[in-house]
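Novice: below is the sequence, then the predicted model.
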Amino acid sequence: MYHTSPSLLCADPLRLGETIETLNILGVDWFHIDVMDGSFVPNFAFGADAIRAVCQAAKHPVYAHVMALNPQNHVEAFAQLGCNTFCFHLETTHNPFRLCQQIRAAGMKPAVALNPATGVEALGNLLDYVDAVTLMSVEPGFSGQSFLPFMYDKIASLRRMIGERPVLIEVDGGVDNEIARRCLSCGCDVVVGGYFTLFQKGKSIPACYQSFNEAIKEAAI
Ligand code: DX5
Ligand code: ZN
């Protein structure tokens, strides 16, 4: 039982290797690595060399959350770096079906992220083409923001829309242990472990991980 994908944006950048080692041993569904271009979101994160190093150290899949305009320009490069999933933002492309095909052809799994203002209805038939959907529960760009309360209904609606399809739901941003429990009960599969869960100030990652697992035990999953 994992139900979490640690956000490496929240790791101490001077101890990234150690952090990945710790999480390799504890176990996670996947490593969530945020890529920010300074245009789609007002911040920068993780360039090619850092992503390659993460992929080499990671013993669990690497899920690139690509918050960048023109995602089609980066697909093959991310495959070369060793990413397993390429998650683009629906808001960044007019041709999501072509992009999914391009991602699969490059040997990765396609996933799509939605900003808080984008309704799940916008996904439509794309659910037949992706392996996962990341629902942003904060405006993308920064760690440590407050979880938007309308997300629980959004998760439940998406779960209904997905039906029997093998599509995972990931929720990203502002999730604490209690919110994680509620998200999982609403039908989310994996929450991004960030500032309020796995990387809490003054607590070790194993201690955070243990309290996360305690908190989600009773979720209906
Ligand atoms: C925000 C990023 C998140 C972030 C998680 O744009 O996509 O992955 O690191 O946020 P917190 O730490 O608030 O859960
Ligand atoms: Zn993210």
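Specialist: All right, it came through fine. Ligands and ions are numbered 1, 2, ... in the order given.

Novice: ranges for the strands of this protein?
Specialist: 4-6, 31-37, 44-45, 62-67, 85-89, 109-114, 132-136, 168-172, 190-193 (DSSP state E).

Novice: what's the burial count for residue 59?
Specialist: 12 (other C-beta atoms under 10 Å). The C-beta positions use only the backbone N, C-alpha and C, and glycine is treated the same way.

Novice: ok, how many other residues are close to the closest residue to it other than its chain neighbours?
Specialist: Take residue 59 and drop its neighbours on the chain: the residue closest to it by C-beta to C-beta, 6 or more residues apart in numbering is residue 24, 4.2 Å away. Neighbourhood size, residue 24 [other C-beta under 10 Å]: 14.

Novice: and residue 24, how far is that from ligand 1?
Specialist: Here the criterion is C-beta to the nearest ligand atom, to the nearest Å. By it, residue 24 lies 19 Å from ligand 1.

Novice: tell me the contacts of that residue?
Specialist: 57, 58, 59, 60 (C-beta atoms under 8 Å, 6 or more residues apart in numbering).

Novice: how about this structure: which residue is closest to ligand 1?
Specialist: Relative to ligand 1, the nearest point of the chain is residue 194 (2.3 Å; C-beta to the nearest ligand atom).

Novice: out of the contacts of residue 24, which are buried?
Specialist: 57, 58, 60 (16 or more other C-beta atoms under 10 Å).

Novice: which of these fall within helices?
Specialist: Among these, the ones falling in helices (DSSP state H) are residue 57.

Novice: rebuild the buried ones among the contacts of residue 24 as a markdown table, extending it with pLDDT and distance to residue 128.
Specialist: Shown next, in a markdown table, are the buried ones among the contacts of residue 24 (pLDDT from 0 to 100; distance: C-beta to C-beta, whole Å):
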| residue | pLDDT | distance to residue 128 |
| --- | --- | --- |
| 57 | 98 | 34 |
| 58 | 98 | 29 |
| 60 | 98 | 26 |
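
Novice: can you pull the contacts of the spatially most central residue of the chain?
Specialist: For the chain, residue 32 is the residue whose C-alpha lies nearest the centre (C-alpha atoms, centre = their mean; 5.0 Å). Applying C-beta under 8 Å, 6+ apart, we find residue 32 in contact with 5, 6, 7, 8, 63, 65, 170, 172, 192, 193.

Novice: and of those, the nearest to residue 72?
Specialist: The closest of those to residue 72 turns out to be residue 65 (C-beta to C-beta; 16.2 Å).

Novice: wait, doesn't the closest one sit right on residue 35?
Specialist: Yes: the criterion here is C-beta atoms under 8 Å, and residue 65 meets it with residue 35 at 6.6 Å.

Novice: these two: who's more crowded?
Specialist: residue 65 (28 against 25).

Novice: picking that back up, touching, the residue of the chain closest to ligand 1 and residue 7? I think so.
Specialist: Yes: at 4.4 Å, residue 194 and residue 7 qualify as touching, with contact defined as C-beta under 8 Å.

Novice: okay, those two: which has more neighbours?
Specialist: Shown here are residue 194 and residue 7; by other C-beta under 10 Å, residue 194 has more neighbours (28 against 24).

Novice: partners of the closest residue to residue 38 other than its chain neighbours in the sheet?
Specialist: Spatially, and ignoring its direct neighbours in sequence, residue 38 is nearest to residue 44 (4.9 Å; C-beta to C-beta, 6+ apart). Beta-bridge partners of residue 44, counted by DSSP bridges, are residue 37.
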